[in-house]
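> only geometry, no sequence info:
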DNA sequence: GGCATATCCTACAGTGGCTATAGATATGGA
DNA sequence: TCCATATCTATAGCCACTGTAGGATATGCC
């Protein structure tokens, strides 16, 4: 029987985060001691590891909920899991493209800065006037 | 005199977002009509454009606050603006590295999926067992 | 058994950067 | 004057946690 702290240490999760996952029903309600403390088994450890690893790969909690459901039903087709992973891959690729555009723009801003006073700072100039940008970056939240 | 809606249209911002910026004192309190509606001038339009452009480049609102302050004081040295931009560039580069690792891992997962049942789905296998990963991805929140 | 202390409990507030909603009021044109 | 559209305030919600306060419990040692 594992305490919540042990589970946290073994998976690199904060104790509050585990309780949060329980609250949103991503983790099951575990058994309790007579004093009311949570006690977990190996299955819960595996489930939490799955969640954390998926989070590290950038999956949303909703996507993870679907993936866990698929994982719990071995008879289901793998297609759905594949679809979710492909969607995540696309999102990562799109974010990378956006970041690449930002990187270019920021590098140019920084390079052109002469180091004088802010009255003729290239960094501020570019921020003031979008038309100075060579690359497009129309959406917020890279 | 510009209404909040005009300001929103001209900068690609939602009306609520402008009011939010006012609330957190990123935008100044504008003049009002006798009926209590906000009215803006060109200076506010420029300021909002600066904010939005900076957001598009991924600067945090706190960083933007600093940049605006520098922009308002032309006699100050440009060094600080340069420092903020360089920090932002570093962050973008770090995020790109993380995303590259994720992209690799996700692409591998997806490629290896044979399309059978979830009982032997590579996508789910990898999520279940971190040791199957070739690349490191230790932090959450790319 | 008693005690220290480490861990656990609940409940709630806060983070960033918005976005959405409800219900009331103002504005501008036909 | 009427009406559609825009605006107002206030508040709650989003995601995925994180932090805090103020207690209760569990464990190891003497």
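That came through fine. The model shown is predicted, which means the values in this text are computed figures rather than measured ones.
> and the longest helix along chain A, anywhere near DNA strand C?
Counting by DSSP state H, the longest helix found in chain A is helix A:79-112. No - with CB under 7 Å from any atom of the strand as the criterion, DNA strand C is not reached by helix A:79-112; the gap is at least 14.1 Å. Placement of C-beta: from N, CA and C, glycine included.
> next structured bit after that helix?
Downstream of helix A:79-112, the first helix or strand assigned by DSSP states H and E is helix A:122-128.
> pLDDT averaged over that next one - what is it?
Averaged across helix A:122-128, pLDDT comes to 88.
> that one vs chain B: in contact?
Yes - judged by CB under 8 Å from any CB of the partner chain, helix A:122-128 comes into contact with chain B through A:123, A:124, A:126, A:127, A:128.
> could you do stretch A:39-58 as well?
Yes - on the criterion CB under 8 Å from any CB, stretch A:39-58 is in touch with chain B at A:46, A:49, A:50, A:52, A:53, A:54, A:55, A:56, A:57, A:58.
> repeat for stretch A:27-34
No - applying CB under 8 Å from any CB, one finds stretch A:27-34 separated from chain B by no less than 15.5 Å.
> between the two ends of that stretch, how far is it?
From its first residue to its last, stretch A:27-34 covers 21 Å (CA to CA, to the nearest Å).
> what's that stretch in contact with?
A:18, A:21, A:22, A:38, A:39, A:40, A:44, A:47, A:48, A:51 (CB atoms under 8 Å, 6 or more residues apart in numbering or on different chains).
> could you measure from the residue lying closest to the fifth one once chain neighbours are set aside over to residue B:83?
Just to be clear, that refers to residue A:39. Once flanking residues are discounted, residue A:39 sits nearest to residue A:1: 4.4 Å by CB to CB, 6 or more residues apart in numbering or on different chains. As judged by CB to CB, to the nearest Å, residue A:1 and residue B:83 stand 52 Å apart.
> between the two, which is the more surrounded one?
Neighbours per residue, other CB atoms under 10 Å in any protein chain shown: of residue A:1 and residue B:83, the larger number sits with residue B:83, 13 against 10.
> contact partners for the nearest residue to residue A:59 once chain neighbours are set aside?
Take residue A:59 and drop its neighbours on the chain: the residue closest to it by CB to CB, 6+ apart is residue A:88, 5.7 Å away. Applying CB under 8 Å, 6+ apart to residue A:88 gives the contacts A:57, A:58, A:59, A:63, B:106.
> domains in chain A, by residue range?
Chain A is divided into the following domains under automatic domain parsing: A:4-58, A:79-132.
> closest one to DNA strand D among those domains?
Ranking the domains of chain A by proximity to DNA strand D (CB to the nearest atom of the strand) places domain A:4-58 first, at 2.2 Å.
> which stretches of chain A aren't confidently modelled?
For chain A, the stretches flagged by pLDDT under 70 are A:114-119, A:134-142.
> what does it put close to DNA strand C?
A:3, A:4, A:5, A:6, A:8, A:15, A:16, A:19, A:36, A:37, A:38, A:140.
> chain neighbours aside, what residue packs nearest to the fifth one?
Yep, that's residue A:8 we're talking about. Residue A:8's closest residue in space is residue A:15 (CB to CB, 6+ apart), at 4.8 Å.
> what number of residues lie near that neighbour?
Neighbours of residue A:15 (other CB under 10 Å): 14.
> surely residue A:105 meets residue A:126?
Yes - Residue A:105 lies in contact with residue A:126 (CB atoms under 8 Å); the separation is 7.5 Å.
> overlap of the contact sets of the two?
residue A:133.
> check contacts around residue A:70.
Counting by CB under 8 Å, 6+ apart, residue A:70 has contacts A:76, A:78, A:80, A:81, B:118, B:121, B:124.
> pull out the buried members of the residues of stretch A:39-58 next to chain B.
A:49, A:50, A:52, A:53, A:54, A:55, A:56, A:57, A:58 (16 or more other CB atoms under 10 Å in any protein chain shown).
> is DNA strand D contacted by the longest helix of chain A?
No - using CB under 7 Å from any atom of the strand, helix A:79-112 never reaches DNA strand D; the gap is at least 11.1 Å.
> for stretch A:3-23, measure first residue to last.
17 Å.
> fine by me, thanks again.
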